[in-house]
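**Q** Give me a 3D structure for the following:
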Amino acid sequence: MMYATELADNGTSDMSLEELLDDWHSLDLAEEAVAVVAPDGTIAAYADVLNRSFVTVSVYGYVHPEFRGLGMGTYLISWGETWTRERIPNAPEDARVVVQHYINRANEKGQSLLKSLGYAPVRGVYVMETELHEASPQPRWPAGISVRTFVPKRDERATFEAVEDAFRDMWGRPRGTLERFVGRTEQQSFDPSLWFLAVDGDEIAGLTLCKTLAGEGWVDVVGVRRPWRNRGLGLALLRYALAEYHRRGIQKVALSVDAESITGAPRLYGRAGMRVKESYAIYLKELRQGVDISVRS
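**A** Now for the predicted structure:
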């Protein structure tokens, strides 16, 4: 159903069962997902949520092309809003609460539906990709920096804090939890030999957290903490990861990035040979006014 939906909306789809199961690992499907079933048992529509501290809830919805025009898209949007409103008491007191949808810019009908229901486009997101026909250029590490892989049962908290520090100025991203982060290390796709930590003495200066799904590479995180920015560390980390993927025979690697990143991440990834494959818009609705705790100094 998801594959057919993406094919209809985008003209292409890389959706795989392995990717879906990986996404589901962090979900309580009975609590955080909904399926609409046709009389013949066909899954006609589906949605799930990514909940960040009950203040930013992202809803990911799919309606099979054969069941469109029946109000299912409207139902999924309403379900996501209701899910978020019911949990507003769990959000920090006085915090702003929003619900949002990521939608491919090629999906004009979907964007029109969201606008008609009170959503507004607020941000862009790119999916960028590269094909590794040849080895990536060797990384050039800043002075004093070395790189090593993640050590399970030792590096979880330090790596979590480094990720949070590196992304504290990312738009729309409230602080995460150590529990959710550790959950990544419990997924079947977790490979500590693809989690690269750039260290300066005992400090994690930057990191690249990667995985392989259905024979393709996916870069979950490329982050550099503020004191080590503007020294080429982000590019070095990405090139190091791409070189390892090439060594393993992985030919395609992709990632998702804020199109308006204040650190210029899309330009950096372009220097590493990555190109925009798909462009998405984030459509957002505010459900409760308050302090935007996703903005951290």
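
**Q** Who's the closest spatial neighbour of G223, skipping the chain neighbours?
**A** Nearest non-adjacent residue to G223, counting by C-beta to C-beta, 6 or more residues apart in numbering: A166, 3.1 Å away. The way it works is simple: take the backbone N, C-alpha and C, and place the C-beta from them, glycine included.

**Q** Please tell me how far W79 sits from P121.
**A** Noted for W79: a distance of 21 Å to P121, by C-beta to C-beta, to the nearest Å.

**Q** okay, the two: which has more neighbours?
**A** Comparing W79 with P121 by other C-beta atoms under 10 Å, the one with more neighbours is W79, at 18 against 14.

**Q** for the record, mean pLDDT for stretch 248-264?
**A** Stretch 248-264 comes out with an average pLDDT of 94.

**Q** The residue nearest to G223 against R229, yeah?
**A** No - A166 lies out of contact with R229 (C-beta atoms under 8 Å); the separation is 9.1 Å.

**Q** These two: which is more packed in?
**A** A166 (23 against 14).

**Q** Please read off the pLDDT at the more buried one from the model.
**A** Looking at A166, its pLDDT stands at 94.

**Q** any idea where the helices of the stretch 101-250 of the chain begin and end?
**A** Ranges of helices in the stretch 101-250 of the chain, per DSSP state H, counting those that start in this stretch, are 108-116, 156-166, 178-184, 233-247.

**Q** quick one: which of these is nearest G264?
**A** Evaluated with C-beta to C-beta, these place helix 233-247 nearest to G264, the distance being 9.3 Å.

**Q** list the helices and strands that closest one packs on?
**A** strand 195-200, strand 203-213, strand 216-224, strand 252-258, helix 265-271 (3 or more C-beta pairs under 8 Å, 6 or more residues apart in numbering; DSSP states H and E).

**Q** Could you dump those into TSV with mean neighbour count and distance to L29 added?
**A** Shown next, in TSV, are these (neighbours: other C-beta atoms under 10 Å; distance: least, C-beta to C-beta, whole Å):
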stretch	mean neighbour count	distance to L29
strand 195-200	22	26
strand 203-213	21	19
strand 216-224	21	21
strand 252-258	19	23
helix 265-271	17	32
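
**Q** Identify the residues contacting S256.
**A** By C-beta atoms under 8 Å, 6 or more residues apart in numbering, S256 lies in contact with 125-128.

**Q** re earlier: turn the helices and strands packed on helix 233-247 into a markdown table, including distance to S279.
**A** Listed next are the helices and strands packed on helix 233-247 as a markdown table, based on distance: least, C-beta to C-beta, whole Å:
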| stretch | distance to S279 |
| --- | --- |
| strand 195-200 | 28 |
| strand 203-213 | 22 |
| strand 216-224 | 18 |
| strand 252-258 | 11 |
| helix 265-271 | 11 |
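
**Q** Identify whichever of the ones you listed lies nearest to R180.
**A** R180 sits nearest to strand 216-224 of all these, at 12.8 Å, using C-beta to C-beta.

**Q** Would you list the strands that that closest one pairs with, along with their directions?
**A** When sheet partners are counted by DSSP bridges, strand 216-224 sits next to strand 203-213 (antiparallel), strand 252-258 (parallel).

**Q** List the buried residues of the longest strand seen in the chain.
**A** When the chain is parsed with DSSP state E, its longest strand is strand 275-288. Under the neighbour-count criterion of 16 or more other C-beta atoms under 10 Å, strand 275-288 has 278, 280-285 buried.

**Q** Looks like Y283 contacts Q111 (just checking).
**A** Yes - with contact defined as C-beta under 8 Å, Y283 reaches Q111; the gap is 7.0 Å.

**Q** Between those two, which contacts overlap?
**A** Both Y283 and Q111 are in contact with 103, 121, where contact means C-beta under 8 Å, 6+ apart.

**Q** circling back to that earlier point, run through who's touching the longest strand of the chain.
**A** Counting by C-beta under 8 Å, 6+ apart, 10, 81, 84-85, 88, 91, 95-105, 111, 114-115, 117-130, 172, 254, 259, 266 sit against strand 275-288.

**Q** how does it look with 7 Å?
**A** 10, 81, 84-85, 88, 96-105, 111, 114, 118-130, 254 (C-beta atoms under 7 Å, 6 or more residues apart in numbering).

**Q** Tell me the buried residues within these.
**A** Taking 16+ other C-beta under 10 Å as the criterion, what is buried in the contacts of strand 275-288 is 10, 81, 84, 96-104, 111, 114, 119, 123, 125-130, 254.

**Q** Pull out the buried positions in stretch 107-118.
**A** When burial is assessed from 16+ other C-beta under 10 Å, stretch 107-118 yields the following buried residues: 107, 110-111, 113-114.
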